[in-house]
Structures are given as C-alpha cells and as structure tokens.
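**Q** model this:
(chains A, B, C and D)
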Number of protein chains: 4
Amino acid sequence: MSNQNDDSLIHSDDPRHPANLICTLCEQFFHNNWCTGTGGGISMKHPTTNHYYLAPSGVQKEQMKPEDIFVMDSQTLEYLRVPPKYKPSACTPLFLACYKKRNAGGIIHTHSQNADVCSLIFKDQLKIANIEQIKAIPSGNIDPTTGKDISLSFFDTLSIPIIENVAHEEDLIDSLNDVLDKNPHTCAVIVRRHGIFVWGPTIDKAKIYNEAIDYLMELAIKMYQLGIPTTCGIGEEKNYLK
Amino acid sequence: MSNQNDDSLIHSDDPRHPANLICTLCEQFFHNNWCTGTGGGISMKHPTTNHYYLAPSGVQKEQMKPEDIFVMDSQTLEYLRVPPKYKPSACTPLFLACYKKRNAGGIIHTHSQNADVCSLIFKDQLKIANIEQIKAIPSGNIDPTTGKDISLSFFDTLSIPIIENVAHEEDLIDSLNDVLDKNPHTCAVIVRRHGIFVWGPTIDKAKIYNEAIDYLMELAIKMYQLGIPTTCGIGEEKNYLK
Amino acid sequence: MSNQNDDSLIHSDDPRHPANLICTLCEQFFHNNWCTGTGGGISMKHPTTNHYYLAPSGVQKEQMKPEDIFVMDSQTLEYLRVPPKYKPSACTPLFLACYKKRNAGGIIHTHSQNADVCSLIFKDQLKIANIEQIKAIPSGNIDPTTGKDISLSFFDTLSIPIIENVAHEEDLIDSLNDVLDKNPHTCAVIVRRHGIFVWGPTIDKAKIYNEAIDYLMELAIKMYQLGIPTTCGIGEEKNYLK
Amino acid sequence: MSNQNDDSLIHSDDPRHPANLICTLCEQFFHNNWCTGTGGGISMKHPTTNHYYLAPSGVQKEQMKPEDIFVMDSQTLEYLRVPPKYKPSACTPLFLACYKKRNAGGIIHTHSQNADVCSLIFKDQLKIANIEQIKAIPSGNIDPTTGKDISLSFFDTLSIPIIENVAHEEDLIDSLNDVLDKNPHTCAVIVRRHGIFVWGPTIDKAKIYNEAIDYLMELAIKMYQLGIPTTCGIGEEKNYLK
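**A** Residues are numbered from 1 along each chain as shown, chains lettered A, B, ... in the order given. Sure, this is the predicted structure:
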C-alpha cells in the first residue's frame, strides 16, 4: 500500500511541475469567472511519471496550494497522495474517462457562463463556422505524412456535443462515455446548465482549446443575440440582422 | 471600560487573521465591482476569541488596512478597538442580526450590480432552478447522520428573499429580522436597488456562497434577457427563446 | 521666472504625494477602460503647497511616471515644472475652472463608455433615483450644525448635466463655466460623445464620486435596456418591463 | 549565412527593448481577451538597428519570453534569429506588407471580439463619427508647417476597411496589399470573422491606435444595439432610439 502522504510528489521548484502548474491555472481561471464558488476542476498527467494530478473538491480555486492536490497512479488508479483536508473531486471519474478514452494529458472543467448560456440556446450540439479562432481546435484527423494533428480550417464547422446534467456529477460518466464514443473527434463536451469539459494531449493544449472554445461560445451568443445563425454562410450575415 | 486603541487586536503576521483577511477580501471584492465608491461591507468572527471584526464606514475598500478595522466583543457588543479615522459602518446592526439569528462566522455585503438588476426583475424572491452552481448553496437542512449541512441539489430551486430598501441602512434591521424569521434556511437576502447580504458559518463559506449566488444572479439576468424563465423545466428552454 | 525643471516638486517617497498618487490612479483607471488610447486626464491640488499637479497630454496612462507631470502655481497659474517630453493636457483650462468655481481638491476626467452611452440615451441631464449608491454623492447642501457636506439620500434623484462636445477640448470652457453656474450643486458634468468630469474637495472624494457615478451610469443603461425609467417610483419597475 | 541562434539580439535589461516590450504587450493584450488561445500577433522594428522583431506562431501570449522571438533583417528579410521551439507566425508576410507600404514601426494583430462583431454588422467599412476618442487616430494628412501627423477631429468620420478572411492567413496578402493601396490613410484593417490589424510609426503609436479603435468598435456595437447609426448627426441620436 502506498504512503498517501508522500509530499515529495507535490514539492518542486519548477513552475511547470503539475502541482505548481495546476495552482497557477486555477488562479488564472478563477479570475476568468470560470471557477468561482469552488466550481470547476482540473487534472493533468505528469509528463514523465504519468501520475494523474487532481485538484480536490470544494477548494477556493484562486487559493489552491500544491499541498491540496491528489496524486494517482495512472495504472492502478490508486491514490499515491491524499491531501489531509480535502475530498476527491466528483469530477474524478470523468477525468479518468478522458484520460482513458482520449489519451488526454490534461483536462479542464469550468463553469463558464458562456457554456451555460450556449447550452440554453443550442440543442444537442454547439455549432459555429467560419471564424478564424476555430483554427485553434483540432479536427481529430492526423496528417498522414507528419503524424501531427490537423486543425480545423476557417471554413469548417466546429461542433461540440451537449449532454444533459445529472444530480451527482460522478453519474455523468455513462453519458460522457457515450458521447465520447459517438463523437470520436471532439476535444470538448458541454454539460447543459453546468459547464464544459475540455481536454488535450497536454495541459497546454487543453488550456489553448479551452480558451479558444470559450471565445467561440462568447461570439456564438453575440451572434445569436444579433439574429445571425452561427453557421450562416459568409456574406449572408446581413440578411439576418434584426 | 476597554482600551479602544488596543492595536494588538489587529496586528498579526498571519494572512488568515481577521484584520488581514478582511483587507484581502475587500480588495478582491473591489476589483469585482462589488464595493466601489466605498459601497458594501464585511465582518467576520475571530475563530478563537469570537470577537467581531468589522470594516468601517466610508473607506475605499481596495485601500483598507488592518488599522481601519473595528473590533467588538461578541458578548457585550462593546467596541474593543475603534480606528482613529473612521465611523462604524451603518451595516453594523445588520451584521449583528446575522451573527445572532444565524450564528454566522462571516458576513459579506456587496453592491453587486447583479443584485440590483435582479431586484428590478424579480418581485419578492429571486428563484433559479436546475443549474449546477446551485449545489454550492446550503439547503438549510442538516444530515442527521453526519451533522453536516446538506447542499441544494441540481434539481432544487434556490430562493433568495428580496426586501425593500430604506433611507437609513441601520433601519433595515426590522425587515431583515423579519425576513430571517420567515426564511429560516436562506443564507442571503437581496435588498432592492441596494445590494445583497450573504453569510455563512465561516468567512470562507460566506465568500463561496456569495460568489456562487453572484454567478447565479448573473445567469438569471441572462436567462431573463433570452426570455427563459429561471425556474423553467429542463428541456423546456427552447420553447421560450425570443 | 521659475525653474521649469524643478524635479524636487515631483520626487517623494510618499505614495500619497500628488506626483505618485496621480500615477497610481491613472494606472487603476486605465484598467477600468476609462482612459485607454491616452484618453482622459487627472489633476490634484497639493494638500499643503496648494500647487496644481496635472497629467500631461498624450501619455499612455498606465505607464505614467512622476517625471511626466506638470506642476502649476495655484495663484499665478504659472508652471513651476514642465516635463521635458510632453505638452499640457487640453483639459487644463477645464480643470482650472473646477478649481476656481468649485474649490476642488482633485478632478478626474474619463472617457468612460458608460458616460458616452448615457449621453446618447439622455438629453440634458442624466437622472437616476432610488438607488443606494446615490448616497455616495454630495447633495451640495451643508449641514448647518456640523458644517459638513450632506449626501444625497436613497429617495433623492441624482441629476448630472450633459453638455455638448466641441472640436477643441479647451473650447469646452464656456459651456463648462455656464453649466457650473447653472448647476451649483453638481460634482460632475457629462460631455456628450466624449466622457465625464468629476471633482471633489479632495482627490479621494473625487475618486469615490467618480466610481459611484460610473456605477450609477452602468445601472442606468441596464435599466434603460430593460425598459425601466431611471426615475420610476419604487415598486413601479414591474409595470415597465419589456 | 547568419547565425540563427544569435541570442544577443533578444537579451537586454531595457524593458523598452523590442524583445522585452513585445512580451509585456502580449501579456497585456492577453488579459484584454485580444489574443487568447494563441490568437493574434505583434511585431515591432528595433528603433536603432531597424531589425524586425516578431512573435512566433502558436505561443501562449501571456507566457511569451524573449527567447521565443524571431528577429529579421529589414533589408534582406533574412532571419537573424530563430527561436528553437517555434515556427514563424502566419502573420509574418502581412506584417512585412505594413512595414513596406506604410513604413510602420510597430504592428498589432488581435482577435478582438469587437472586431469580429463589427465585421458582422458593417459591410465594407466600419464608420463612426462624432466621438471624442476618434481624435486619437491619425487622419493621414501631414501638417505642412510642422511636418507632423494631423489627427482626425471630433467631427470627422473614422473609416476602417473590412476585408474578407481566407483559409490561410498568409494568403490575406493580396487583399491586404489591395486595401492598403485603396485606403492610403488608414492605420487599420478589419478582417471579417477574424480580427484586426493596426499599425503606426512606432509600437507606442500602434498600441494607442489599437486601444482607441477597440474602444470605438465597442461603442459602435453599443450604438448599433440601441438603434443609433454610428454616423448619425449630433443631436439626432434620440430620433433613432428603439
């Protein structure tokens, strides 16, 4: 059995160490209004040990410290370190699903108001097309020559599936698994009246995708309010203005 | 008679000491536009001495220093320390009511624009249902097994009573006492065209509740503007879109 | 003739010294979107020497340094110090009018978007009533017993005159003088499609008034968008909701 | 052939050195929501060597370091320094066009939401008139006596051309060259559903123009939402209010 108070796992002078980087990102996200009131969560895989680092439940995100973080063995899913004061986040099984099904390196969950509002406006999918910022999002296709991810192009349509919320966050697992299977290319899932989950091969990529998607959700809401369909053809916007 | 200049009550190297924490929170709330123009106020109980620490009247909240803070004996309600420059906040009797009737550990009063606008849209109660962030708010019920607060669930409706403002803030005391009696479970009261009072068993809980409620008020206003009733059933949103 | 490079006038370790405080406030106002693109301006009277300290023209407000500041003798209106790089602000004659006619201790001029939008919605006066934050604004009346300013009460109506903009900012002087004469109690003037001037007996009071008025302008715009007249009686809001 | 790892080009203690200033500005712009998700870009000419300093592709703008920056010879257009990790920005040819055709000293490219929304509302030109902040923008005319730029006056109309976006950012070069030729006085071009390019004789001027234009785009959207034409005559606003 592992020593659950192994603090060597969370102490490092390197600002890029998961225990430090998670705290930095949580503070940044708090000031974006993405995880106030202890909402939201984050997890990343240690790039060399592959351990999962997980923010706890109920912490004030702008005040999080490395000591507050859970560390989990990515093979046995056993906790290698448990913080003295906190319980595991109810997001933990959802994060594990993203690690497993998507080989994620980092996962961000926010209570972004833009996600909430998009989930009220859109039905099963948020769709938005013909916006430059879409190019920050991977298409899910791989370039056969370079082996690298191909991004969406300006003329593509970004689709993000929306699933229904449930009473207990951990019970989202079935619909999350289902939506991941049915949308093999998506790097994000909106949970209606709740928020959004975004992941990537690294925490840096997850952060970039999350910022780009939040920007696109903000713009989608503005387009809706102007009367412009978010997938309308270029040059057709003026036909829809209220 | 107590020495009203007993500065030992407000000097500490501990950032969690009430005299320091109140200043940190006021600066944070100022940058949220919750207490500009000297608006708003805050008070917390010292976790060991039980003294009440109170921000003064008329101070610029982002510039507050420990020296500006009043300290009151929680039994005699006598001031143990009076800052040289300031008068007590007109909120003081309201804070005392929350301490007494709710056994609060911390109370936050903001002039949040979201509270003002909600008080213009809603009549006697702000009601909002089926939003994940509601789960940050206590239901007022206690788990009989653990003795801990039970939070609202996702499917619950959060109700926050709205009372009418009066000319002199201290005269809110009667209607505040009345609304606290009639709404034994609420952790917040909106004052129409004025702002909001939020409290909790600790200042940390009060801060979390306040952030979650402000988030929900912001979302309630957006739902109103979209035409969606804030208590509408899940899946019915699309029927209401303007 | 004075030495126009007398830097002793602008060097001090005291953060409250006008040359330092003006820089601090300009940086804060920049981040409020009140003086981006070199817009806006500020001036304060030295509390002991009575010299006028004036931010220059064309400076990036978040980068201002004490060395950039003009100092003027308040009796002779002769410059005691001229910064090497900058020209005097075109606001200077307007600030001098506020010093002379209102005995101001500090004057703030912002390009607040809320002022611009209010100037498009309202005709000759911005009027707003029955909001708690109004109590931060002086009524212009003096308490005969204490000799102190009496603030507006919750049930009062705040009125801020709006004047027309002109091609050259210094040419606002005639209409500013006129509006100051006709509105002896106002502590602020909105300039249509331009911004706002706010003053007070000290720079601290000017800052507090400016924050409170900006808050009220923001709320006035929201009330306008909801269909609620900004001076409507308490309890009548619901009759107007669109 | 030059040494592409010549780090002496990017190391300086001077915060105004291009390699440092670009990083400072990128961080500031990130917090304005102008270049999240690695969007946007910036370039400036070294004031003495005339080398072009260019932010790379795909960098998180708030985390950029001098080591991440490309340096190019302004005569040969050969890279003098190439950062180890990054590729050149797809904006590079567009920046070079602004350097060449406008003798720019600095160029800023943002993904400002205000630019996106203006590009949805306006057809070929964003036009806005009779706003004080317009005076921050150069008219393109030169004072024959002083040889200095003449700014737009309050009564002038600011026009910013809008061009269509393309799949690959570098392919914007033809339409950018064309629009620069046809609009010899403009200091900015909006790219529909993409963002904005703004330049000036120095990076400071480019920053000031960009801030002023973003302010004016924000106000133009608000005027549109109120029903007021952005070029309507002074005093006619009230005829249009919805």
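
**Q** and A:Y99, helix, strand or coil?
**A** Each residue gets one of three states, and A:Y99 gets helix by DSSP: H, G, I helix; E, B strand; the rest coil.

**Q** quick one: pLDDT of A:I203?
**A** Note on A:I203: pLDDT of 98.

**Q** how about the nearest residue to it, chain neighbours excluded?
**A** Using Cβ to Cβ, 6 or more residues apart in numbering or on different chains and skipping the chain neighbours, the partner closest in space to A:I203 is A:G106 (2.9 Å). The way it works is simple: take the backbone N, C-alpha and C, and place the C-beta from them, glycine included.

**Q** confidence score at that neighbour?
**A** A:G106 carries a pLDDT value of 98.

**Q** three-state assignment of the most centrally placed residue in chain A?
**A** Nearest to the mean C-alpha position of chain A, counting by Cα atoms, centre = their mean, stands A:V198 at 2.2 Å. Following three-state DSSP, the label given to A:V198 is strand.

**Q** bridging residues for it?
**A** A:I108, A:A188 (DSSP bridges).

**Q** for it, give me its contacts.
**A** Neighbouring residues of A:V198 by Cβ atoms under 8 Å, 6 or more residues apart in numbering or on different chains: A:107-110, A:187-188, A:206, A:209-210, A:213.

**Q** neighbours of the single nearest residue of chain A relative to chain B, how many?
**A** Closest approach between chain A and chain B, counting by Cβ to the nearest Cβ: A:G37, at 3.3 Å. For A:G37, the neighbour count with other Cβ atoms under 10 Å in any protein chain shown is 23.

**Q** and what of A:D13?
**A** Around A:D13 there are 6 residues (other Cβ under 10 Å).

**Q** and what about it, helix, strand or coil?
**A** The assignment at A:D13 comes out as coil when based on three-state DSSP.

**Q** the one 3 residues further on too?
**A** Under three-state DSSP, A:R16 falls in the coil class.

**Q** count residues in the vicinity of it, would you?
**A** Residues near A:R16, counting by other Cβ under 10 Å: 11.

**Q** again, but for A:K123
**A** Quick note: A:K123 (other Cβ under 10 Å) scores 12 neighbours.

**Q** element containing the residue of chain A found nearest chain C?
**A** Per Cβ to the nearest Cβ, A:Q225 is where chain A lies closest to chain C, at 11.9 Å. Element membership of A:Q225 [criterion: DSSP states H and E] is helix A:203-226.

**Q** what is the mean pLDDT for the following helix or strand past that helix?
**A** Downstream of helix A:203-226, the first helix or strand assigned by DSSP H and E is helix A:237-240. For helix A:237-240, mean pLDDT rounds to 93.

**Q** quick one: helix A:237-240 near chain B?
**A** No. If you take Cβ under 8 Å from any Cβ of the partner chain as the test, helix A:237-240 misses chain B, and the best it gets is 14.6 Å.

**Q** which residues sit against that helix?
**A** Under Cβ under 8 Å, 6+ apart, the answer for helix A:237-240 is A:226-229, A:232, D:120, D:123.

**Q** C-terminal to the helix or strand hosting A:S159, what's the next element?
**A** Using DSSP H and E, A:S159 sits in strand A:157-163. Under the assignment DSSP H and E, the closest C-terminal helix or strand after strand A:157-163 is helix A:173-182.

**Q** what sits up against that following helix?
**A** Contacts of helix A:173-182 with the rest of the structure, by Cβ under 8 Å, 6+ apart, involve A:93-94, A:97-98, A:101-102, A:161, A:163-164, A:166, A:186, A:189, A:197.

**Q** tell me the one of the residues you listed nearest B:S151?
**A** Nearest to B:S151 among the contacts of helix A:173-182 is A:V166, at 15.2 Å by Cβ to Cβ.

**Q** who touches the closest residue to that closest one other than its chain neighbours in this structure?
**A** With Cβ to Cβ, 6+ apart as the criterion, A:V166 has its nearest non-adjacent residue at 5.6 Å, and that residue is A:L172. By Cβ under 8 Å, 6+ apart, the contact set of A:L172 is A:94, A:163, A:165-166, A:191.

**Q** what two of the residues you listed are the furthest from one another?
**A** Longest span within the contacts of A:L172, Cβ to Cβ: A:L94 and A:N165, 12.1 Å.

**Q** any idea how chain A splits into domains?
**A** A:1-89, A:91-242 (automatic domain parsing).

**Q** for D:I150, find the nearest of those.
**A** That would be domain A:91-242 among these, by Cβ to Cβ, at 33.6 Å.
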